[in-house]
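K.L.:
give the three-dimensional model of this entry:
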Amino acid sequence: MKRYRSALKKLLQPNEIRESVDEIDLDALYAKGIKHLILDVDNTLLTYDEKVLSLQKQAWIQTVKSMGFSIVLVSNNSNGRRIQKIATQLELSGTYFSLKPFPINANYLRETFFIEFEESAVIGDQVLTDVIFGNWQNAHTILVSPLAKKHSALKTLQYKIEAYLLKTLDIYQAPLKGFPNV
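P.N.:
Have a look, this model is predicted:
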């Protein structure tokens, strides 16, 4: 049983937990040899209701670019126009309907954007998609709190399950902003 718990913890445990992308120590990532940021879009950079990125997030993206990181937006959202509009606004490349956490999109990212996952950080608001995807690819994973304050019933359930897993596996005890308390 300890072996299963250990394997599950390794799969679900992010390397870092931050309240938002703005709190990520970019200098520390750079010092670790991270060259690529694979960014989730919905609830990581903007809420589902927002159509345009805030000036604060736009400034953060410009800082990331100016430091020399490559950035790719990778979203499970099936609305290709939405993701393309955000990517165009930020002058970035992006993929939609990427089916995270399944590694099907990983080869596409490697071949199209020359991503080496060992030199990458996967950043997102969901353990069951972003963190697992990054951990399966041996990337550095960063879990951020979801931006939206209210969620659909299904998304609320997912966040509750994620919070329960983080707490049960002794990954993170304090409640994350935006995650329902367990």
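K.L.:
the strands in this structure, which residues?
P.N.:
Assignment of strands within the chain using DSSP state E yields the ranges 16-18, 36-39, 70-74, 93-95, 120-124, 140-144.
K.L.:
give me the nearest residue to the residue nearest the centre of the chain, chain neighbours excluded.
P.N.:
Ranked by distance to the mean C-alpha position of the chain (C-alpha atoms, centre = their mean), the top residue is residue 124 at 1.6 Å. If the residues on either side of it in the chain are set aside, residue 124 comes closest to residue 130, at 2.7 Å by C-beta to C-beta, 6 or more residues apart in numbering. All C-beta atoms are positioned from the backbone trio N, CA, C, and that covers glycine.
K.L.:
thought the one you found was touching residue 136?
P.N.:
No. Under the contact definition of C-beta atoms under 8 Å, residue 130 does not touch residue 136, with a separation of 11.0 Å.
K.L.:
the nearest residue in space to residue 171 that is not next to it in sequence and residue 7: what is the separation?
P.N.:
If the residues on either side of it in the chain are set aside, residue 171 comes closest to residue 13, at 4.9 Å by C-beta to C-beta, 6+ apart. Distance of residue 13 to residue 7, given as C-beta to C-beta, to the nearest Å: 11 Å.
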